Structure formats: C-alpha cells, structure tokens
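Asker: Any chance you can model this:
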Amino acid sequence: MGAINKASALHLITLFSGAVKGVSFYPASHPAIRQPLMELYKMMTTALSVEKQVSWGLIDGLMFFDDHLFSLPSTAIADLTSRMVEKEISRIVVTSSIRFDELEAFVKLFSVKGTRFEALSRQIAESGITGLTLIRHGDENFDPASDEPDIGHGDDHLEMYNRAVTALRTICREIERGRIPGSAQIIQIVDQMAEIIMQEPLALLGLAMIRDYDNYTFTHSINVGVLAMSLGAALGLDGKSLRDLGIAGQLHDIGKTMVPKTILNKPGKLSSTEFDEMKRHPELGSKIIREMEGLSPHLSSIVLGHHLHYNRSGYPEWANKLPFDQLSDIIAVADTYDAMTTLRVYQHPINPKKALLDMQAMTNTILAGVVVEQFVKMMGTYPVGTLVRLDTNEVAIVYRPNPLDENAPLVRVLFEETGKRLRAPREQVLIDPDGTCYARIVGVVDPLLKNVDIGEWLTSGNQ
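Answerer: All right, here's what the predicted structure looks like:
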C-alpha cells in the first residue's frame, strides 16, 4: 500500500491534469496555475517523505496512481489518459529529489500537444529536470512485487470465491438441519472482497461469470454479492454499505432452503400454488438473517425487499408500503443480471449485452433506473464475459472494459480465424495507443455453440 490513499491519489491526478490544461490558457505564474501546482507539489513531497518515489500512468488502458486503479475515469483522468497515449507514455515516476521548479517546467512541457516520447524526453533532459522519469509504452517491465498496481491475483480471487461457496453451503446445511447458522465465516470473506473492490470496483467481475450448474443456488448467490458490491463501489458507496451488499447478496436467496426442492428444481412452469410457495423465500430469508448472530437487522430488510420491484408490484405484497433503501434496488439489479445470463433447467441464458438491453427496458418499473444506468455504464458495451467475433473471424472473450473506448474492450482470443481453438488464450489489445486497429468486434457469439466455459477463462491465473 502506498503513502497516498485512493481519494488523495484521485485529487493529485486531478490537480496535475488541471494544471496541464490550464497552462495552455494562463502563464505559469498565474494563480490559476500556481496554486494547484503548489498544492500538487505539497501532496507529492508529503508522500515522498514516506516513499522513495510515486508514479502514475496507464496499465491495460486504465489510469493508476501507485497501487490505486481508476476503472471509472473522471473527465480529468480521461483527458490525462488521452495525453499520455498521444505521447506514448505508460508511466510518470517522481522521486524524492523533485523540486518545485522542475515540476513547473515539466507541466509546461507536457502540456504541448503533438510532442511524442523521444522529443519530450529530450526536452526534459535539456531543462535539467532530474527528479522525474518517463517510461515509454512497451518498456514498462514492472516488478510485480513492488510498483505495479495489484490488478491480478486470479488464483487468490478464485480461492476466495470457492471459500465463499463453502461457507454458504455450510450455512444452508445448518438451516436444513433446523439450526441457526453462524455468520463469522461469510463476514470474513465479504470483508476481503470489500477491501479488493474498494481499491478497484471491477477487480472481481470475472468471478461473477462463474457458472456451476450443479451448484446454481450457491454460485448464483456469490455472483450476486460480487456484482452488487462492484455496483455499489461504482455508485460511490462507503465501505460499510459495500459489506452490507456483499453479505445481503450472498444471503439474498437463503430463504430458498425452506422451499421444497421439487419446486426449486422443477423444469417446467410452476403452478399458482407452487409459485406462492416460491414467493415466500424473501420473508423466510429475512427471518433467518434476523436470527443469525452478528448480522445487522438492516440486512434482513435488504433481503426482504429484493423482489418487491421498484414500483412495488412484486412480492411479498404485504411489505410494499415499508421503507426500503437503495441497497435493495442494487441487489435486485445484480440478481436480475446473473439470473438472466445463467443457464437454468427452464431457461436458455441471454448473452450479457442483450441482458443489459432487456434490463434497461425494465427501468422505473421492475428495476430502479438510476441503478440500472450505473450498472450498464460499469459493464460497458461488451460486458466482461461476452464472447465476441472479430472482423478477423477470430473469436475472443472480453475480460476487461476499456474506459477509453467501450467498443474496443480488452479481450483474450480463444479461436483462430480458421475456427481452430488455441491451446492457450492470447491477450489482445484491439486498438493500440497510437490508434492502430488490430480488429473490430462485429458480433456476439453464443458460448454454448463454441462449448466455452466463460468462468474458466476469466478466473485462470492468466488474469
């Protein structure tokens, strides 16, 4: 963990971006430039009194500062990203020897549009700037143990996911035996997930694509928790709210343990009597959570309301006049998305892109419009887990959104243009920083037709 927290890191980048833009309109001595520069320098020197260096730049098209990654870019970040791409810069490293006049001189040089890496590096040397170094795109060669932002750890994340499934299975087994289950294990796992998601809202999205059809009840619930926490972070909620979302998401269907399995697993349409029995699961789940030691009563309210619908036309009908906060709306959106995109005994899955369109049609009736809007923005035009065909005829899977171009996400190529499946996926950037286009997406492919397990390719150690 670096010397600057994420909020301060965002403020620092915003100050730098603002100074760079402002110097085009005002002289460096103008208060509009000098004041943010002085604040920027003060923040840097404070951090550099603890660390030998600080750095910010781009990785996989996303802006980072030290170990903080910004997946939903502000206007300042988008502008700075564009300038760094233009100048072929992947990282700016500032050391403890930086002087104010060096920072001021660098901002002026950096603000000039059209200057490429070699020319800018030469100008920095000629200006006598020694407390700052640029790293060119393609020359990063970071040491993962030190400077590179923590965006991987796919195996660790998968292990955490599997522990969550085990914890939930234990809770369900205890309920089926007529016992009140403990909550300590699931709280511990959600705390770990929240810590990751607070640093990077999209870090665990790949996990939410795991589809274990033999353990649907468990994996669906974990996926809802992951999606809800990620969405909560994208909405700017605090750590406590993210933890509430994680626990409520993982336990939102816990009441189904009290519903007969013949109804839960019925392949055809439920009778009216069976559906009435199924509709009891939110209130059954709410009651179970109230009895579990260590869980806030607020969690039982979130679970009670996750099928009420935004316009309160859902169930349980007796609860439609009760007050429910936005956390229930978030769980409802996450629940809807995961259910729509999962194969069930009675349902063919909808591809993620189509699911988002269908959910937008439900806004302000079934689902809360503002929450769906943010969810769609977070997932992007081609959500993580979408299998796509490129204009090269290759087939690839989307593993991370591209905030600079939502139509060119980062992908892993799984099938060659001939249709032959690759032994190992090949990570591919569709549009290079210099604007060179490798390929464009021309369509969405049904993973069932290609016999592709989406979760397998998003949770491997390649992540």
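Asker: Give me the pLDDT value at I33.
Answerer: Looking at I33, its pLDDT stands at 74.
Asker: Could you report the separation of it from V23?
Answerer: 6 Å (CB to CB, to the nearest Å). Placement of C-beta: from N, CA and C, glycine included.
Asker: Likewise for R169?
Answerer: Distance check for R169 against V23: by CB to CB, it reads 59 Å.
Asker: Check D79 too.
Answerer: In this view, D79 and V23 are 13 Å apart by CB to CB.
Asker: Pick out whichever of these two has more residues nearby.
Answerer: V23 (21 against 15; other CB atoms under 10 Å).
Asker: right, and that one touches A32 too?
Answerer: No - contact between V23 and A32 fails when scored by CB atoms under 8 Å: they sit 9.3 Å apart.
Asker: So for the host helix or strand of A194, what gets flagged as buried?
Answerer: Here A194 sits within helix 184-199, counting by DSSP states H and E. Buried residues in helix 184-199, counted by 16 or more other CB atoms under 10 Å: 185-186, 189-190, 193-194, 196-199.
Asker: What's the biggest helix in this protein, counting residues?
Answerer: If you go by DSSP state H, the chain has its longest helix at helix 154-176.
Asker: and that helix, C-alpha only, in PDB?
Answerer: Only the C-alpha atoms of helix 154-176 are listed here, as PDB (Å, rounded to 0.1, in the frame of the first residue of the first chain):
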ATOM      1  CA  GLY A 154      -6.700 -14.500 -10.300                       C
ATOM      2  CA  ASP A 155      -5.900 -17.700  -8.400                       C
ATOM      3  CA  ASP A 156      -6.200 -15.900  -5.000                       C
ATOM      4  CA  HIS A 157      -9.500 -14.500  -6.000                       C
ATOM      5  CA  LEU A 158     -10.800 -17.900  -7.200                       C
ATOM      6  CA  GLU A 159      -9.700 -19.400  -3.900                       C
ATOM      7  CA  MET A 160     -11.700 -16.700  -2.100                       C
ATOM      8  CA  TYR A 161     -14.700 -17.400  -4.300                       C
ATOM      9  CA  ASN A 162     -14.600 -21.100  -3.500                       C
ATOM     10  CA  ARG A 163     -14.300 -20.400   0.200                       C
ATOM     11  CA  ALA A 164     -17.400 -18.200  -0.100                       C
ATOM     12  CA  VAL A 165     -19.300 -21.100  -1.800                       C
ATOM     13  CA  THR A 166     -18.200 -23.500   1.000                       C
ATOM     14  CA  ALA A 167     -19.300 -21.000   3.700                       C
ATOM     15  CA  LEU A 168     -22.700 -20.600   2.000                       C
ATOM     16  CA  ARG A 169     -23.100 -24.300   1.600                       C
ATOM     17  CA  THR A 170     -22.400 -24.800   5.300                       C
ATOM     18  CA  ILE A 171     -25.000 -22.100   6.200                       C
ATOM     19  CA  CYS A 172     -27.600 -23.800   4.100                       C
ATOM     20  CA  ARG A 173     -26.800 -27.200   5.600                       C
ATOM     21  CA  GLU A 174     -27.200 -25.800   9.100                       C
ATOM     22  CA  ILE A 175     -30.600 -24.300   8.200                       C
ATOM     23  CA  GLU A 176     -31.800 -27.600   6.700                       C
END
